[in-house]
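Peer 1: please find the sequence and the predicted model below.
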Amino acid sequence: MFGTKLAKASNNVKFLLASTSLKTISLFNVKDGTGGSGAGLTNYHKKSLTSKVVGWIVLIHDIILMMNIAYKYRIYPNKKQEELFMKTFGCCRKVWNLMLNDKIENYKQTNTFGMFTPAMYKKDYPYLKEVDSLALANVQLNLQSAFRNCFDKNRKTNNNFPKFKSKHKAKERYTTNNQGNTIVLSDGFIKLPKVGKVKIKLHRHPKDNWKLCNATISKEADKYYVSTVFEYDEEVINKTINKEKLIGLDYSSDALYVDSNNHKCDMPHYFRENQSKLIKAQKRLSRKIGSNKGETKSKNYLKQLNKVNKVHTLIANQRKDFLHKKSRELANTYDVVIVEDIDMKNISQGLRLGKATMDNGYGYFRDLLKYKLERNGGALVKIDKWYPSTKTCSCCGNKVKSIPLGQRVYICDKCNTVIDRDYNAALNIKDEGIRMLSL
């Protein structure tokens, strides 16, 4: 391990290291060669690495990282291209179901799942030859990944067994790879395999040194999108993380979060704002022929279903837009953000706050904040979910036995401090994060 080699040269240096994909940032203690990410620096393109700790400041010099970034664009296919997209969605779904069924049948006979490829089915289903072969190959990779996630013993929690995909419920999207400039992004158009040039809204231009790896075409309601993944090298130089640019966030159902500076996010409740519109659309849908189980879906039913999907898409896009802007604001202002590692699903079910919790999108907000901080050279620190941030006094450290959910003010029975409940918790979260970083 690279960290072990460094331990021989220094005894009291702490390194803040990022993984190659920048999905995790961990604090390494070189004194004993241990840390959160066991991968070390063996996967890095290394020029030189020197670091020193001055009080609360960690300096990192000259590290070149291989990074991936994805841009999502709106595309405008013509009728022929739209038909080919729909055919590719259906073929990917068909290949998934065929391979999954054959794996199950093979396991019943041989006690092994076996290896199946899309090419095995093209003789019996000639229409599979009409679509992009790499899209079908990626379906095979996705199915293999689903089986690994289900049976891998090294995972903390395994996923459920892969399911068959339904025409009416499965997400409509497929991924194709760039091999020898089969995918080309230009002003106003994107070239895709089998499809040709498709009109695109290029609102964000990639840099010249970025390499286009793959593209994922998806359909949401009646709109088409392409998500392009680029690979590039980035050099991190002299990034400073200090105590002053550090903030703690406490989750709040009505405001998304309250920070340690006593500032509330005040996020709009987009689902509640559009709920009346959604109710009207769903009522009309329930009266159409095809709403009952077993009925053939009429054209009017499908038209109304599309209107319902548009309302859901509007709500999701409003929420994403707000969370992206708020996470970008925090990532540009602070080097380290400290949050609680709470399970949002359990909160929504256990405390009967499902609608408010799911409308906030706090879990998605943490994911956005994490990768944006890491790209800026910062870090998102998660404290233990069982840490009593709400019960502990931020002034004297006294801990009360319990505090009801309806009590919005924290009153300390030792130092008589009266403080907002969420603000008190945010201060405690910040202090606990500082304690973790100073180990």
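Peer 2: Yep, it's here. Numbers count the residues shown, from 1 in each chain.

Peer 1: read off the pLDDT value for A7.
Peer 2: We have a pLDDT of 33 for A7.

Peer 1: now for the longest helix anywhere in the chain, which elements pack on it?
Peer 2: Counting residues, the longest helix in the chain under DSSP state H turns out to be helix 299-333. Packing partners of helix 299-333 (3 or more C-beta pairs under 8 Å, 6 or more residues apart in numbering; DSSP states H and E): helix 270-273, helix 275-286, helix 362-375. Just so you know, the C-beta spots here come from the backbone N, C-alpha and C atoms, and that holds for glycine as well.

Peer 1: which one of the ones you listed lies nearest to T176?
Peer 2: Of all the helices and strands packed on helix 299-333, helix 362-375 sits nearest to T176, with 24.0 Å by C-beta to C-beta.

Peer 1: and for stretch 187-207, what are the contacting residues?
Peer 2: 71, 73-77, 81, 84-85, 88, 130-132, 134, 176, 182-185, 212, 215, 217, 226, 228, 230, 232 (C-beta atoms under 8 Å, 6 or more residues apart in numbering).

Peer 1: weed out the non-buried ones from those residues.
Peer 2: 71, 73, 75, 77, 81, 84-85, 88, 131-132, 134, 176, 182-183, 185, 212, 215, 217, 226, 228, 230 (16 or more other C-beta atoms under 10 Å).

Peer 1: out of these, which are inside helices?
Peer 2: Per DSSP H, the subset of the buried ones among the contacts of stretch 187-207 in helices is Q81, L84, F85, T88, L134.

Peer 1: nearest to H269, of the residues you listed?
Peer 2: Using C-beta to C-beta, those come closest to H269 at F85, 34.4 Å.

Peer 1: so who does the closest one touch?
Peer 2: Contacts of F85 (C-beta under 8 Å, 6+ apart): P77, V195, I217, K219, Y224.

Peer 1: for the nearest residue to the third one once chain neighbours are set aside, give me the pLDDT.
Peer 2: If you skip the residues right next to it in sequence, I217 has V226 as its closest partner in space, 5.3 Å away by C-beta to C-beta, 6 or more residues apart in numbering. V226 carries a pLDDT value of 97.

Peer 1: roughly how far apart are V226 and G397?
Peer 2: 53 Å (C-beta to C-beta, to the nearest Å).

Peer 1: same check, this time on S291
Peer 2: 58 Å.

Peer 1: mind checking the SS state of F164?
Peer 2: When classified by DSSP: H, G, I helix; E, B strand; the rest coil, F164 comes out as coil.

Peer 1: residues near it, how many?
Peer 2: Other residues near F164 come to 11 when the count uses other C-beta atoms under 10 Å.

Peer 1: so what pLDDT did the residue nearest the centre of the chain get?
Peer 2: With distances taken as C-alpha atoms, centre = their mean, D367 lies nearest the centre of the chain, 5.1 Å away. pLDDT recorded at D367 is 94.

Peer 1: which residues of the stretch 51-200 of the chain score low on pLDDT?
Peer 2: Within the stretch 51-200 of the chain, the segments meeting pLDDT under 70 span 51-64.

Peer 1: just the stretch 201-350 of the chain next, same as before
Peer 2: For the stretch 201-350 of the chain, the ranges with pLDDT under 70 are 236-241, 350.

Peer 1: at 80 instead, please
Peer 2: 234-243, 345-350 (pLDDT under 80).

Peer 1: what sits against K283?
Peer 2: Applying C-beta under 8 Å, 6+ apart, no residues contact K283.

Peer 1: now the helices for the protein?
Peer 2: 2-9, 79-110, 133-151, 270-273, 275-286, 299-333, 344-350, 354-360, 362-375, 421-437.

Peer 1: ok, back up a step: do I have it right that the residue nearest to I217 meets P77?
Peer 2: No - between V226 and P77 there is no contact under C-beta atoms under 8 Å: 9.9 Å.

Peer 1: excluding its backbone neighbours, what's nearest Y387?
Peer 2: Nearest to Y387 is E432, by C-beta to C-beta, 6+ apart, at 5.7 Å.

Peer 1: shouldn't that neighbour be in contact with S389?
Peer 2: Yes - counting by C-beta under 8 Å, E432 does reach S389; the two are 7.1 Å apart.

Peer 1: and those two? which has more neighbours close in?
Peer 2: Per other C-beta under 10 Å, whichever of E432 and S389 has more neighbours is S389, with 23 against 20.

Peer 1: just the pLDDT for that one.
Peer 2: 90.

Peer 1: now, which of the contacts of F85 sits nearest M67?
Peer 2: I217 (23.3 Å).

Peer 1: against A137, how distant is that closest one?
Peer 2: 15 Å.

Peer 1: swap in G290?
Peer 2: 35 Å.

Peer 1: same question for L314.
Peer 2: In terms of C-beta to C-beta, L314 sits 35 Å off from A137.

Peer 1: could you do Y423 as well?
Peer 2: Applying C-beta to C-beta to Y423 and A137 gives a distance of 53 Å.

Peer 1: again, but for K310
Peer 2: 33 Å.

Peer 1: so what's C396 up against?
Peer 2: C396 neighbours (C-beta under 8 Å, 6+ apart): C412, K414, C415, T417.

Peer 1: returning to that earlier point: buried sites along the longest helix of the chain?
Peer 2: Of the residues in helix 299-333, those buried (16+ other C-beta under 10 Å) are 301, 304-305, 307-308, 310-311, 315, 319, 322-323, 326-327, 330-331.

Peer 1: ok, so of those, who is nearest T117?
Peer 2: L305 (35.1 Å).

Peer 1: quick check: the closest one touching L285?
Peer 2: Yes - at 6.1 Å, L305 counts as touching L285 under the criterion of C-beta under 8 Å.

Peer 1: Y364: how many residues sit nearby?
Peer 2: 15.

Peer 1: actually V198, sorry about that
Peer 2: 20.

Peer 1: is it bridged to anything, and to what?
Peer 2: Beta-bridge pairing for V198 (DSSP bridges): I190.

Peer 1: quick check: beta-bridge partners of K264?
Peer 2: Assigned bridge partners for K264, using DSSP bridges, are V258.

Peer 1: that one against S252, yeah?
Peer 2: Yes - K264 is in contact with S252 according to C-beta under 8 Å; the separation is 7.0 Å.

Peer 1: what touches both of those two?
Peer 2: Shared contacts of K264 and S252, counting by C-beta under 8 Å, 6+ apart, come down to V258, D422.

Peer 1: what about those two, which has more around it?
Peer 2: More crowded of K264 and S252, by other C-beta under 10 Å: S252, with 20 against 15.

Peer 1: one step back: so can I have CSV of the ones in helices among the buried ones among the contacts of stretch 187-207 showing distance to G354?
Peer 2: Formatted as CSV, these follow (distance: C-beta to C-beta, whole Å):
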residue, distance to G354
Q81, 40
L84, 40
F85, 35
T88, 36
L134, 40
